[in-house]
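Q: dropping the sequence and predicted coords here.
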Amino acid sequence: MHRLFAAVLIAVSASFLPADLLGSGSNTVAAAEVVHYQCKEWKAKHIHDTKKIETIAGTLKKLGCEVKQEKHNGHVDLKYRCPKERSLPVKSHDEAVKWEKWLKEFGFKAYHTH
């Protein structure tokens, strides 16, 4: 179940990152909506797949989160937090809803505005 969940999260996070987070060179996003998020306390995910760890850690870092990795017992504890509230401009309501859901599944306080 956790592996399926992680695979879905990776697919969702990679497919919905705005162009400026993916490093396309363009820093302008015509934002129809904005996702606001914060995670004051450290959270952790237990992940066994190295590729998933790097993808999720990279996404969290691009979102401005602090990220740590601790390897033990054949898996990695991916620890993260985002003590200051941040904003992510997105192009559509559907994208805002998907990001809000993804962030909440990772333990963030998240909401979006129009």
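A: Perfect, thanks for sending it.
Q: any low-confidence regions in the chain?
A: 1-30 (pLDDT under 70).
Q: how about the strands in it?
A: 33-47, 66-72, 75-90, 109-113 (DSSP state E).
Q: possible to save those as JSON lines with distance to Ala96?
A: C-betas here are computed from N, CA, C, even on glycine. Shown next, in JSON lines, are these (distance: least, C-beta to C-beta, whole Å):
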{"stretch": "strand 33-47", "distance to Ala96": "4"}
{"stretch": "strand 66-72", "distance to Ala96": "23"}
{"stretch": "strand 75-90", "distance to Ala96": "5"}
{"stretch": "strand 109-113", "distance to Ala96": "4"}
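Q: and Val97, which of the ones you listed is closest to it?
A: With C-beta to C-beta as the measure, strand 109-113 is the member of these nearest Val97 (7.3 Å).
Q: redo the strands of the chain as JSON lines? Include mean neighbour count.
A: Formatted as JSON lines, those follow (neighbours: other C-beta atoms under 10 Å):
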{"stretch": "strand 33-47", "mean neighbour count": "17"}
{"stretch": "strand 66-72", "mean neighbour count": "12"}
{"stretch": "strand 75-90", "mean neighbour count": "17"}
{"stretch": "strand 109-113", "mean neighbour count": "15"}
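Q: quick one: residues contacting His93.
A: By C-beta atoms under 8 Å, 6 or more residues apart in numbering, the contact set of His93 is 32-33, 114.
Q: pick the one among those closest to Leu78.
A: Taking C-beta to C-beta as the measure, Leu78 sits nearest to Glu33 out of these, at 27.6 Å.
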